[in-house]
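Participant: Sequence and predicted structure below; questions after.
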Amino acid sequence: MMDHTTGWRRRSIWCVAACVAALSATAQPARSETLTIGAAHSLKPVLRDVLPIFESRHPSARVRVVYGPSVTLREQIEEGAPLDVFLPASFDQVRHLQARRLTIDGPPRIFARTSVVLIASAEAVPAPVSFRSLKLNKDVTGRIAIANPATDALGVITAELLSNIDIDFLNHLRSRIVYGHHSGIIDLVSSGEADIGIVYRIDAVHAANVRILDEAPRGFHPPVEFGAAVVWTCRPFALPLAREFLDFMLDPAVQRALREHGFQPVSAGTVGTE
């Protein structure tokens, strides 16, 4: 049987150890919370401006962004890539995840829009090319750079757009099509490897080396809507921060920045159902 002296000593040792541990924990800096976002390339300029605002409102948070084609990012999320929030350039990519129950914490949001445009090099001699002229006179097109529909959301939208202009368009111009990554189409056009290209307006307005020839007619392709969703790979500790980030993308400061960068902001962003 343990005497009172021995018991008192053990309790004293335990209390001292507990105090030391507590003081040690207090001396350690607070653990930084990292929020990992998968975002479309088109969002890089605006996120560069607004992420410091988010981090200033959440001093313990650090935001890490992985940029890539929306289709590729969506496929990586399906395979379990460690992303918390998904910001694709096509809301269809969010719908795809939502249909598979791979989005969580309420319905996804739409936070910005843009359109699809036809571009040429800023240094090239102006040519009478428009989306409608692609159907009327295919000889004026030369080489046309488009995103690959197998890997890029812009490619999916472009394929539908061209099919609505002429159902056999891609077959007729197969030898003239230059496929490129979303972020590389402007380079293909400005370098002369392609005569014209199809990109999002938001990408063209930021590129000094190309000019916009025409904007796609209304109804020829689905709306280009930038979506936001918390995805199934979101880590439990990051969930509250991810939830706040979705609200943040509809914050007046962010919507103002989107407008300044050439996006079409939205007034309401909750869409879809779980």
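Facilitator: That came in fine, so what should we check first? Numbers count the residues shown, from 1 in each chain.
Participant: switch to C-alpha atoms for all contacts and neighbour counts from now on
Facilitator: Fine.
Participant: How about residue 131, nearest residue that isn't a chain neighbour?
Facilitator: residue 216 (6.3 Å; C-alpha to C-alpha, 6 or more residues apart in numbering).
Participant: May I ask you to confirm that the one you found is in contact with residue 119?
Facilitator: No: with contact defined as C-alpha atoms under 8 Å, residue 216 does not reach residue 119; the gap is 11.1 Å.
Participant: So which of the two has more stuff around it?
Facilitator: residue 119 (28 against 20; other C-alpha atoms under 10 Å).
Participant: Next, count neighbours for the residue lying closest to the more buried one once chain neighbours are set aside.
Facilitator: Leaving aside its sequence neighbours, residue 119 sits nearest to residue 212 (C-alpha to C-alpha, 6+ apart; 4.5 Å). Neighbour count of residue 212, defined by other C-alpha under 10 Å: 19.
Participant: Packing partners of the helix or strand hosting residue 212?
Facilitator: Using DSSP states H and E, residue 212 sits within strand 210-215. Secondary-structure packing of strand 210-215 (3 or more C-alpha pairs under 8 Å, 6 or more residues apart in numbering; DSSP states H and E): strand 116-121, helix 185-190, helix 201-204.
Participant: will you turn the ones you listed into a markdown table that also has distance to residue 90 and mean pLDDT?
Facilitator: Output for these, formatted as a markdown table (distance: least, C-alpha to C-alpha, whole Å; pLDDT from 0 to 100):
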| stretch | distance to residue 90 | mean pLDDT |
| --- | --- | --- |
| strand 116-121 | 12 | 93 |
| helix 185-190 | 17 | 93 |
| helix 201-204 | 13 | 92 |
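Participant: Can I get the helix or strand where residue 46 lies as PDB, trimmed to CA atoms?
Facilitator: Element membership of residue 46 [criterion: DSSP H and E] is helix 44-57. C-alpha atoms of helix 44-57 as PDB (Å, rounded to 0.1, in the frame of the first residue of the first chain):
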ATOM      1  CA  LYS A  44      -4.000  33.500 -61.400                       C
ATOM      2  CA  PRO A  45      -3.900  37.300 -61.800                       C
ATOM      3  CA  VAL A  46      -7.000  37.900 -59.600                       C
ATOM      4  CA  LEU A  47      -6.100  35.400 -56.900                       C
ATOM      5  CA  ARG A  48      -2.600  37.000 -56.700                       C
ATOM      6  CA  ASP A  49      -4.500  40.200 -55.700                       C
ATOM      7  CA  VAL A  50      -7.200  38.900 -53.400                       C
ATOM      8  CA  LEU A  51      -5.500  36.100 -51.500                       C
ATOM      9  CA  PRO A  52      -3.500  38.500 -49.300                       C
ATOM     10  CA  ILE A  53      -6.900  40.000 -48.200                       C
ATOM     11  CA  PHE A  54      -8.100  36.500 -47.200                       C
ATOM     12  CA  GLU A  55      -4.900  35.800 -45.300                       C
ATOM     13  CA  SER A  56      -5.100  39.100 -43.500                       C
ATOM     14  CA  ARG A  57      -8.500  38.200 -42.300                       C
END
